[in-house]
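*Asks:* sequence first, then the predicted structure:
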Amino acid sequence: MKLVKIDRSSIQKNPKYGKGPHDIHEVGPVSIRLHMSFMTTAPHDVKSLDALFAKFDVRLTNLQMEFPGGLPVPKTHIQAMARTPEGASEVIELFKRLPDVTLIDHTVHIDRPLMSFYMIGQEPKWLYNHEDIRFECSGCGCKLKPEELTSDHSGDYDDEMDDSDWSHRVCPKCYKWDCCDNFDYEKIEDVIEEMGLDQ
């Protein structure tokens, strides 16, 4: 297991130390969902669409085909998750230009929920940053900061799920599961003791 170390030069006493309790407000991760409905005379499947979307950092999550009466070809509904709003827009523009596709409708939903919790206790005594480190994804080879990794689960949510059903090292680009070495963050208490600073 790799250790993400604390940058010793960043350690400083917190001027707000001792104050609290107080409200902590955190903004959740951005969720960009793309929905499209279209008709096409060209054969397609989930694998080919997934490969096409991957070029724009968009991941296909659901595909359904509808066969309404009177239409010469089925109506296809897709849902996808985009890494950026630009990626979602590029997919829409691509489908508008494809000669064998009739785009019926499309929507892009961008959500960033506000999460808040009440922190009981005092402000920490020490402020610090961890060293700038990158992990290489074993799937696509991209370089990622620890905070850029995402979490995902296998299977359905149920009472039987445990830690083995989760990975907190999922690549946000190729979605590789356990894409890099496992790691942990160095604890400030250990560093303060090592450096002989005032506890």
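*Replies:* On my side now, so go ahead.

*Asks:* domain parsing for this structure?
*Replies:* 2-26+122-195, 31-111 (automatic domain parsing).

*Asks:* export those domains as TSV, with columns for mean pLDDT and mean neighbour count.
*Replies:* For the C-beta atoms, the positions are set from N, CA and C on the backbone; glycine is no exception. Listed next are those as TSV, based on pLDDT from 0 to 100; neighbours: other C-beta atoms under 10 Å:
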stretch	mean pLDDT	mean neighbour count
domain 2-26+122-195	80	13
domain 31-111	81	14
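
*Asks:* tell me the secondary structure for Ser151?
*Replies:* At Ser151 the chain is in strand, as set by DSSP: H, G, I helix; E, B strand; the rest coil.

*Asks:* likewise for Leu60?
*Replies:* strand.

*Asks:* can you offset everything so residue one is 77?
*Replies:* New numbering, starting at 77: the last item is Leu136.

*Asks:* that one and Leu125 touch, don't they?
*Replies:* Yes: counting by C-beta atoms under 8 Å, Leu136 does reach Leu125; the two are 5.5 Å apart.

*Asks:* now list whatever residues contact both of these two.
*Replies:* Counting by C-beta atoms under 8 Å, 6 or more residues apart in numbering, the contacts common to Leu136 and Leu125 are Ile154.

*Asks:* what about the longest helix in the chain?
*Replies:* helix 161-173 (DSSP state H).

*Asks:* which strands or helices does it pack on?
*Replies:* Counting contacts by 3 or more C-beta pairs under 8 Å, 6 or more residues apart in numbering; DSSP states H and E, helix 161-173 packs against strand 107-116, strand 134-142, strand 151-158, strand 177-187.
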